[in-house]
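> any chance you can model this:
(chains A and B)
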Amino acid sequence: MSGINGALILGKPALGDITAAVSGIVERKPPRAWYVAFGISAALTLVLGAMLAHLVTTGVGVWGNNQPVGWAWDITNFVFWIGIGHAGTLISAILFLLRQRWRTSINRAAEAMTLFAVMCAGIFPLFHVGRPWRAYWLLPFPNADLAMWPNFRSPLLWDVFAVSTYATVSALFWYVGLIPDLATLRDRASTRIRQVVYGVLSLGWRGSARHWRHYEMAYLLLAGLSTPLVISVHSIVSFDFAVSVIPGWHTTIFPPYFVAGAIFSGFAMVVTLMILARRVYRLENLVTMKHLDNMCKVMLATGMIVGYAYAVEFFTAFFSGNPYERFVFVNRAVGPYAWAVWIMFTCNVIVPQVFWLKRARNCIPLMFVVSILINVGMWFERFVIIVTSLHRDYLPSSWGYFRPTPVDILTFAGSIGLFLTLFLLFVRFLPMIAMAEVKGVVAGGKTHGEAKA
Amino acid sequence: MKTGRQYWRSLEQLAGTPRFQEWLRREFPQGAPELAGQGSRRRMLRLMAASLGLAGLTACRRPVENILPSSRGSEAIVPGVPNWYATSMTVGGLSFGLLVESHDGRPTKIEGNPRHPSSLGATTAHAQAAVLSLYDPDRSTRVLRQGRAASWDGFEAFAAQHFAAARVGDGARIRFLSETACSPSLEAVRRHALTRFPGARWIEYEPLNQDQALAGSEIAYGAPHVVRFHFDKADMVVSLDHDFLGLDALSLGWIRQFSRRRTADSPREPMNRLYAVESRFSMTGAAADHRLRLRPSEVRRFGEDLARALGALEGPAPSPNRFLDALARDLKASRGRSLVLAGPRQPAEVHALAHLLNQALGNTGVTVTCSRAPRDDARLQIRSLQSLAAELAAGQVETLVVLGGNPAFTAPADMGFQGLMRKARYNVRLGLEEDETSAGAEWHLPEAHFLESWGDGRALDGTASIQQPLIEPLYGGRTVAEVVAVISGYKDRRAYDIVRNHWLAGWPVRDAEKNWRRALHDGVVSGSSFPEARPAADASRVAAALQSNPASPVAEGLEIAFTPGWATWDGRYANNGWLQEAPDPMTRLTWDNAALVSPATASRLGLATGDLVRLSRGRHEVAAPVLVQPGHADDCVSVPLGYGRAMCGRVGRNVGFNAFLLRTTDALWSAAGLELRRTGRTARLALTQNHHNMEGRPLILAATLEEYRKDPKFVAHSKPHLEPFSLHKEPSYDRGNQWGMAIDLSACVGCNACVLACQAENNIPIVGKQQVLRGRQMHWIRVDRYYQGSPEDPGAAVQPVTCQQCENAPCENVCPVAATTHSPEGLNDMAYNRCVGTRYCSNNCPYKVRRFNFLDFHKGLSEAGKMVFNPDVTVRMRGVMEKCTYCVQRIEEKKIKARREGRRAIGDGEIQTACQQACPAGAIVFGDINDPASRVAGLRNHNRGYGLLEELNTKPRTTYLARLRNPNPELA
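Got it, this is the predicted structure:
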């Protein structure tokens, strides 16, 4: 065990050192890099607001969506952000249940990322509708004026339930995990405001054995509750496509394919963010090469699942004998959007293969580049699925082509800005590493549940 | 007297001041108006009359003359219940009978008049769009004198003084220039004017005219004749560059008769065969069984060869030619049952040849009949215009009265007509728009639209119809006859009196009123068609004409051919957004015209669709985008006229390029010597269809008549046999009315009338070129066109596609808010106000017939523009999905009517959808598929019937009838 512990936490810090290192980030003035990053992100967030205001006042036509491509960047971005969110819950819940101790240094940031990604994701289905002021009609609420329920047969409605449940449980899970650390911050607070705010947020945590007992139980239950959600939310998102009759969408492989892709992209995003955070805040001792190495392995594995799914899709199209299905896949490979397909294939299948090499898994700049490329590739995967299937379906007379408008591009850039802004605020005001949990994996420590074992 | 408790209302009352007493006593408190001075009885009556007059002035715009509703006998207007009036529309000197729906005095929808021989209840796309032009806010709205606001009174005063006999004498320096007129009442006014001014001349000019046909008949028969075709009797049709199913159709009866002969109900039924010889790939070419691509100049040689091969013309037999020989044998075999037509863009000699061929084949009097042209003095319009130009140039014209048309735009480019017009001291111009011709005119007078004025006209066969107004002129316009009446001092001044008195005078007094009412009600004057003439074609005269005007040798280089603009015609419809946005049936181009070239010519010249080129002939030059048109004749460039109007309303200004700039007196229809230079720049063309190959998919099923006879169930045999099964019990639609539609692909010629009819009926917005480029056009019905075969010489087939009203509709289960659901009558309903606009339904529609309001496409609509809306159909807001409803408003109207009349059943054919009603080919049938006796049920179970993409188990309610073709086995 010592070997693993040694790799997970370097420098044999005392428990107090960990508290000081993590809390210090929140208590000290942030470094210049934070201000620069925050300035840029906040500006992009304002762009997002402006674009959405333009959209609501003018109409969906400010985007490039058309006949036959009714969904384009809007739903691509939605699936992309929902996918990003997957790593957080996976790390928090599934790796927790599987007793993977290496999750402790990265789970807090990954969960926060999940939450912010789901927020970004939520923007797109809300604003992609023609009349966003009526979007609440998707909610099943008893209403006197309409006296009708939404259509429970529609996958879009399932989305509403899946995503809102996921967002709720993720937020709860994240918050429950934060309570002991919030109490630490409260106890160390030097200003009145901090005392009050962290005091209220820590819900009267005193660290008594009874508190810890309830806390551990709640955490375990929430982990159990989240685990099926990791699988369900992206499966249901994939139903948006799988339930339709459109060739390229109508396929049963989508749920596992989407979940694997989501974990893939989520881990890539965690790697991107953690590489930056550990560098800026000098957390090399807490987020070690071991963590990064493990995440690279997860990316390699999920990347290969995704590659396998691509291959199976092509094979099924050929094997089914369905001429429409065959056409879609030939069209993907050589049609007008072939460039997007090849970007997707390169980034998602070929590039992660470098992680077979231990050297690559130890090279942080390479890892950083690959993690970004994977996210580019995964964005294109959703774009390919949505746009190439729609732009040439059954009747050749209706075939078209989609070109994004500047508003499309700025809206997506703005959503990245919102994501980064929220993440930077999180880094600034909340402990980005779960102190209480990390202490469990230092030499001789025990993490969740292990005390009993 | 004081009783009870005393309350006081004010301090003044309490004090009982004299002023208060005075105030109490007065009937009207101070400040209320009182008649100043002495009120008198006279003054009282005067005021009453004034207020009555004011009330009357602001009242409705309905005409005060008697107009009679057609099919519903109520004179009273019931709010919300439309009335129908018969009227007529004149284009190119021919009138088409119409029935117009009027909602509370507001015309909204045009249908064909079933009693009228040229419309038979159907309409052209252009007629459908006429209501939009009526309410066009860019129409001419004011009288102008030298560009400054003036009034009709001012013009009348001017006319009285200017046209006084003392001043103009016999009117030798007056010239009238009008469009081709076919109005009997205008003819009376014209005759009066020419009697009043014996020295004046009246010139008719229309850029797209029938000059060549009249001249050709004069060669063949010695006198100009109007030709009528009887496609119902023709087994074999040969078109020499005549787009008789498309823009050259002079009567919609042609399409109806032709299509009837192509829809074999059983394999035993005979079917006609069409050979088309043409340069541009036209709708006629698409319908043809055999098509020969020839440059316009080569058609004459082909006609001569054919005439020689059939022995109609002396001369050496032509060298063997597979197409010609097969055609000649076919024609010989069907003597008296064939028909040869020459197109209006072919020279007179080709028309003469056609007459000769028809006579030699025994067709004259059977499939072709003639009547004498209405006026023998009709000369070639271009010659009249040339002599007018000469007079103008010589300064011999003092007053030029231009009545309608837009000659400054449409006259041949070498004439410089716009400049010549300035040479007349006074230009008086009556026009619908303030256009190129109005510029610099002394007087510009707003012309009344045909839907707001009285008139009359004659159809191709001479049948006269009265043109009833549906509304008082919106902008105070007047008709041609009214203006000439003012100028010439005709006895009647108002159009109503001019028309009515003209017709009443021709009838016995006893019947006059009754006849008048009957003519208004029916929309046709009975017994008014021209008597049939039976002239004999003189082969020697034709041969002499051919000899005296030998065909120019086929020249090297490019040839130019002018065609009517699909949307604009000769430019008159340029400001009509419905037409501009309706795709050209063959090229699928909207909001533009383009120079069409064949793929071979394009690759030889290194051109691609969208390349901007300079076309020049002599010193005339214009820049145009290229569109590569499969099936076009090689070494030939077709340019549609009527686009590129510089002085036009906001919709049509500078849309496309002006091909009139290349059209010269010596090259009115086609000519050699075109030069084409690439500019290196490109233009974006808004095409509504970018892929023209069916990709081997079973979308349009087709067979030859021979195959159909061998295997009457070829449709069933060409589709994979599927046993659909369901995991759940599917709803059965076997009770009550179950609506369905059948579209016969053998009959459809792809004319787009259905597209425009749907647009007018269902308040469908236009989106503009930029949005069409983004693929956001809103048409609920579209006509898909696919090519088959080689790109050089392909065949083409068309397929109207609208919502298929699937019983298993993929759109319905994916809508999260249940905005689109199934009605018990099998309609796929769309609840606009429930729609939030996720577009999921559209994504999941295999037919891609749903249309989304990406933006507010009704933004900035003028008050007049709003009047065109059909009040029975919701106007959709932005962010909402919409699609074909099978005209549910028409279904409901008839259901309510049936219920009110105590009937339970709705008769077959009682409900007509807008597309069905407009269809000249009768290709669309709508009805109750639950009624085994209905036509639609029969067609659904027809052996040619099939559902589009039915292998998806969508169970479409719209079914198609496979396309039949009848090629000559010799040429197969």
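> okay, how far is it across stretch B:486-497, tip to tip?
For stretch B:486-497, the separation between the terminal residues is 13 Å (CA to CA, to the nearest Å).
> again, but for stretch A:397-413
34 Å.
> so is it next to chain B?
Yes - on the criterion CB under 8 Å from any CB of the partner chain, stretch A:397-413 is in touch with chain B at A:397-401. C-beta: built from backbone N, CA, C; applies to glycine.
> drop anything exposed from the residues you listed.
A:397-401 (16 or more other CB atoms under 10 Å in any protein chain shown).
> C-terminal to the helix or strand A:V197 falls within, what's the next element?
Assigned by DSSP states H and E, A:V197 belongs to helix A:192-201. Per DSSP H and E, the first helix or strand lying C-terminal to helix A:192-201 is helix A:209-242.
> what residues of that following helix count as buried?
Buried residues in helix A:209-242 (16+ other CB under 10 Å): A:211, A:215, A:219, A:222-223, A:226-227, A:229-242.
> stretch A:126-141 now?
In stretch A:126-141, counting by 16+ other CB under 10 Å, buried: A:127-132, A:134-135, A:137-138.
> show the contacting residues for the residue lying closest to B:N575 once chain neighbours are set aside.
In space, not counting the residues next to it along the chain, B:N575 is nearest to B:G649; the distance is 3.7 Å by CB to CB, 6 or more residues apart in numbering or on different chains. For B:G649, the contact set (CB atoms under 8 Å, 6 or more residues apart in numbering or on different chains) comprises B:136-139, B:433, B:574-575.
> ok, B:G649 to B:A760 distance?
19 Å (CB to CB, to the nearest Å).
> ok, now B:S102?
14 Å.
> and these two? Which one has more around it.
Taking other CB atoms under 10 Å in any protein chain shown, B:S102 and B:A760 do not tie; B:A760 has more neighbours (27 against 20).
> remind me which helix or strand that one belongs to.
Per DSSP H and E: helix B:753-761 holds B:A760.
> so what touches whichever helix or strand comes after that helix?
Next helix or strand after helix B:753-761 toward the C-terminus (DSSP H and E): helix B:769-773. Contacts to helix B:769-773, defined as CB under 8 Å, 6+ apart, come from residues A:61, B:581, B:590-592, B:655, B:684, B:686, B:688, B:777, B:854-855, B:857.
> list the buried ones in helix B:769-773?
For helix B:769-773, by 16+ other CB under 10 Å, it's B:769, B:771-773.
> residues of the stretch 851-972 of chain B that sit close to chain A?
B:851-856, B:877-881, B:949, B:952, B:954.
> whichever of those residues end up buried, select them in ChimeraX.
Command for ChimeraX, covering only those of those found buried under the criterion 16+ other CB under 10 Å:
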select /B:851,852,853,854,855,877,878,879,880,881,949,952,954
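> turn the residues of the stretch 851-972 of chain B next to chain A into CSV, including secondary structure and pLDDT.
Below are these laid out as CSV (DSSP: H, G, I helix; E, B strand; the rest coil; pLDDT from 0 to 100):
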residue, secondary structure, pLDDT
B:R851, strand, 95
B:F852, strand, 95
B:N853, coil, 95
B:F854, coil, 95
B:L855, coil, 94
B:D856, coil, 93
B:M877, coil, 92
B:R878, coil, 92
B:G879, coil, 93
B:V880, coil, 95
B:M881, strand, 95
B:L949, coil, 91
B:L952, helix, 89
B:T954, coil, 90
